[in-house]
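Student: coordinates only, no sequence provided:
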């Protein structure tokens, strides 16, 4: 019987459902290999950072379902989900994950567009005459 730990993570508008499966080494996101889904090395490192920091890289398999946002936000959502699932596995890992700032949900969202402005904060050029 393999142990399964479930958690969710989010970043911007992306959400990730993460299952950590003890005893396998399979890393999948939306039924595709992790590196095949994200494509970029930095996004793969971001997604599995909690496993690297806690030293549990070879112990767990990872199965994720992500939706919304872009690839960068999805990688951040997976990272938060993995960190939360690791806490369910072993609460003693909290100090390591917290020191690496992996348990904090990044609150930055896209600012809304305001009327009368060119962009979110940029104004139209002012002319005297």
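Tutor: Thanks, I have the structure now. The structure displayed is predicted, hence computed values, not measured ones.

Student: what's the average pLDDT for the longest helix along the chain?
Tutor: The longest helix of the chain (DSSP state H) is helix 71-89. Helix 71-89 comes out with an average pLDDT of 96.

Student: and that helix, what does it pack against?
Tutor: strand 4-11, strand 14-22, helix 34-38, helix 41-47, helix 49-54, strand 60-67, helix 94-99 (3 or more C-beta pairs under 8 Å, 6 or more residues apart in numbering; DSSP states H and E). Quick note: C-beta positions are derived from backbone N, CA and C, even for glycine.

Student: right, and residue 43 touches residue 73 too?
Tutor: No - Residue 43 is beyond contact range of residue 73, at 10.1 Å (criterion: C-beta atoms under 8 Å).

Student: common neighbours of these two, please.
Tutor: By C-beta atoms under 8 Å, 6 or more residues apart in numbering, residue 43 and residue 73 have no common neighbours.

Student: can you tell me how far residue 120 is from residue 113?
Tutor: From residue 120 across to residue 113, the span is 6 Å (C-beta to C-beta, to the nearest Å).

Student: for residue 87, same thing?
Tutor: Taking C-beta to C-beta, one finds residue 87 at 38 Å from residue 113.

Student: counting neighbours, go ahead and name the busier of these two.
Tutor: residue 87 (18 against 9; other C-beta atoms under 10 Å).

Student: give the burial count for the spatially closest residue to the more buried one that is not a sequence neighbour, as a bare number.
Tutor: Spatial nearest neighbour of residue 87, chain neighbours left out: residue 94 (5.9 Å); criterion: C-beta to C-beta, 6 or more residues apart in numbering. The tally of other residues near residue 94 (other C-beta under 10 Å) stands at 14.
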